[in-house]
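> Quick one, what's the 3D model for this:
(one chain, ligands or ions: 1)
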Amino acid sequence: DFSNLYARDLLPAKNGEESTMQFLLEVVDILLNYVKKTFDRSTKVLDFHHPHQLLEGIEGFNLELSDNPESLEQILVDCRDTLKYGVRTGHPRFFNQLSTGLDIIGLAGEWLTSTANTNMFTYEIAPVFVLMEQITLRKMREIIGWSAKEGDGIFSPGGAISNMYSIMCARYKYFPEVKTKGMAAVPKLLIFTSEHSHYSMKKAGAALGFGTENVILVKIAVQHYGSLRVLQGHVPLYVNATAGTTVYGAFDPIQEIADICEKYNLWLHVDAAWGGGLLMSRRHRHKLNGIERADSVTWNPHKMMGVLLQCSAILLREKGILQGCNQMCAGYLFQPDKQYDISYDTGDKAIQCGRHVDIFKFWLMWKAKGTEGFEAQINKCLELSEYLYSKICNREEFEMVFKGEPEHTNVCFWYIPPSLRGMPNSDERQQKLHKVAPKIKALMMESGTTMVGYQPQGDKANFFRMIISNPAATKSDIDFLIEEIERLGLE
Ligand code: ABU
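Alright, predicted model coming up:
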């Protein structure tokens, strides 16, 4: 009975051991139930409520903070409710995002990480995690095809930040004075990226003082890079090639882009946040051929490799740039006269100070699966997307958004309701089609049975983007999703 117990009765309270153990066992029980249900296809993916319903305090779930402490009984109820009204992103029928799944070893790793509750900035306070990060980054560089010894890298809070690091490093490499003198001391610099690249390129352009107008979107075909549109008085600095675009899962031709970067002495970054996982697969890694010619790579294990959020790496071919670019030598953290090799105080490579331990769950998963375990997991997801594509590509109920088999697990399609089938293409048909995916998605969320994303792209009406990155998904889940879209499409 926790109704008369409070946080103040738990450790470090005197005689708090017993109640602490009992309380944590209850929490573990809640978590284990959630884990079991996540994989149970008879449970829903979500129990949807509108924001105002949750804010009003549905079934006693009160989100407001109070001045008085709540009993541990209530805290346990809060834990249950938090999971109850959330979304089970590990459910085999959750296809909404690039990062899905609930890896059990990863989960154990995350629990341990929180228990250790340390900070990645110095070897002094995170000796084991810092070494794990170094070893894992070295392995990733080897897989990219770089000399493992020479490069560098760091885990960052997501792909957008990893991409931002790459631009900072490029700028520092060519114009080191920017660190002390700012953008006024350097020419007007241009960043090139493909039309379908992630919006974080523009975001970084804005945040780093380039200006979004100086982030030039290039059509994916390489001949357009060949005639990079250079504005008068501007200096091209950096080209981003995307390996696995967010919506289509397309791969830019890295070899050809690398040729151009070499010719014009430009920094080549490969945003493989989504596609990087395919490097683990002997069957699919050819899609990233040429990545070894890049100066930097973003690779998010929390996407295709199923590592729990968050886990994103920025990797660099050359050692020293990351440190040179970001180092501030704060005396209270990075004392030069420590008793150990201070090159392991990696925190000054980061733009943040405090840094979460993202490495342990990934390292533990790699230990538990081996490289070949990741390979099998990734191959399976790609096979499922091939299954989905072959299942719907020739049916009158569906229309594919782009021709040919998808390169990644993104399968993009329209559901065509009976009223639009056989109707010639026109503005009216496009306008009606544009409303179909949002309507079905809303019904899907309200029934809670499955989740898949939709979006417009360019002049294309809203279409579904199906993603398979959860190793728990099977053909039966793909069948279910298709049947569900058809069922809801008839409502
Ligand atoms: N950073 C891109 C994530 C997008 C997605 O999960 O759909």
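> So what does the nearest residue to residue 125 once chain neighbours are set aside look like in phi/psi?
Nearest non-adjacent residue to residue 125, counting by CB to CB, 6 or more residues apart in numbering: residue 118, 5.3 Å away. C-beta here means a position set from N, CA and C on the backbone, and glycine is covered the same way. Main-chain torsions, residue 118, degrees, to the nearest 10: phi -120, psi -180.
> Tell me what the closest residue to the ligand within the stretch 351-491 of the chain is bridged to.
Nearest to the ligand in the stretch 351-491 of the chain, going by CB to the nearest ligand atom, is residue 453, at a distance of 6.1 Å. For residue 453, the beta-bridge partners under DSSP bridges are residue 465.
> For the residue nearest to residue 125, give me its contacts.
125, 126, 129, 357 (CB atoms under 8 Å, 6 or more residues apart in numbering).
> Compute the distance between it and residue 485, please.
Counting by CB to CB, to the nearest Å, the separation of residue 118 from residue 485 is 45 Å.
> that older thread, I'd guessed the residue of the stretch 351-491 of the chain closest to the ligand sits against residue 467; true?
Yes - Residue 453 lies in contact with residue 467 (CB atoms under 8 Å); the separation is 7.1 Å.
> So between these two, which is more surrounded?
residue 467 (28 against 18; other CB atoms under 10 Å).
> Can you give me every residue that contacts the more buried one?
Taking CB under 8 Å, 6+ apart, we find residue 467 in contact with 95, 96, 97, 98, 100, 409, 410, 452, 453.
> Now list the buried members of those residues.
Applying a neighbour-count criterion of 16 or more other CB atoms under 10 Å, the buried members of these are 95, 96, 97, 98, 100, 409, 410, 452, 453.
> can I get these in CSV with pLDDT and secondary structure?
Converted to CSV, the buried ones among the contacts of residue 467 look like this (pLDDT from 0 to 100; DSSP: H, G, I helix; E, B strand; the rest coil):
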residue, pLDDT, secondary structure
95, 98, strand
96, 98, coil
97, 97, coil
98, 98, coil
100, 97, coil
409, 98, coil
410, 97, coil
452, 98, strand
453, 98, strand
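> Tell me the one of those nearest residue 137?
residue 98 (21.5 Å; CB to CB).
> The closest residue to the closest one other than its chain neighbours: what's it in contact with?
Once flanking residues are discounted, residue 98 sits nearest to residue 303: 4.5 Å by CB to CB, 6+ apart. Contact partners of residue 303, counting by CB under 8 Å, 6+ apart, are 98, 99, 159, 273, 274, 276, 277, 469.
> circling back: take the buried ones among the contacts of residue 467 and write them to a markdown table, including distance to residue 330.
Shown next, in a markdown table, are the buried ones among the contacts of residue 467 (distance: CB to CB, whole Å):
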| residue | distance to residue 330 |
| --- | --- |
| 95 | 44 |
| 96 | 40 |
| 97 | 36 |
| 98 | 35 |
| 100 | 38 |
| 409 | 43 |
| 410 | 42 |
| 452 | 46 |
| 453 | 41 |
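> Out of those, which is nearest to residue 345?
residue 98 (32.7 Å).
> and the closest one, what is it in contact with?
246, 274, 300, 303, 304, 467, 469.
> Mind doing that once more with 6 Å?
By CB atoms under 6 Å, 6 or more residues apart in numbering, residue 98 lies in contact with 274, 303, 467.
> Likewise for residue 240?
Counting by CB under 6 Å, 6+ apart, the residues that residue 240 touches are 193, 197, 201, 269, 271.
> Going by distance to residue 313, which of those residues wins?
When those are compared against residue 313 (criterion: CB to CB), the nearest one is residue 271, at 12.1 Å.
> Looking at this structure, which strand is longest?
strand 234-242 (DSSP state E).
> Which element is encountered next along the chain beyond that strand?
Using DSSP states H and E, the helix or strand that follows strand 234-242 towards the C-terminus is helix 254-264.
> Check what pLDDT the closest residue to residue 216 other than its chain neighbours gets.
Of all residues not flanking residue 216 in the chain, residue 192 sits nearest, at 5.1 Å (CB to CB, 6+ apart). pLDDT, residue 192: 96.
> what about residue 192, how many residues close to it?
26.
> where does it fall, helix, sheet strand or coil?
Following DSSP: H, G, I helix; E, B strand; the rest coil, the label given to residue 192 is strand.
> Can you name the residues bridging to it?
Assigned bridge partners for residue 192, using DSSP bridges, are residue 216, residue 239.
> what's the pLDDT at residue 227?
Residue 227 is assigned a predicted lDDT (pLDDT) of 51.
> now residue 220
62.
> what do you get for residue 223?
For residue 223, the predicted pLDDT is 41.
> Residue 403 too?
For residue 403, pLDDT reads 87.
> Tell me how far it lies from residue 71.
Distance from residue 403 to residue 71, counting by CB to CB: 61 Å.
> Check residue 94 too.
In terms of CB to CB, residue 94 sits 34 Å off from residue 71.
> When those two are compared, which one has more neighbours?
For residue 94 versus residue 71, neighbours defined as other CB under 10 Å are more numerous around residue 94 (25 against 16).
> Does that one have any beta-bridge partners, and if so which?
Bridge pairing for residue 94 - DSSP bridges - gives residue 451.
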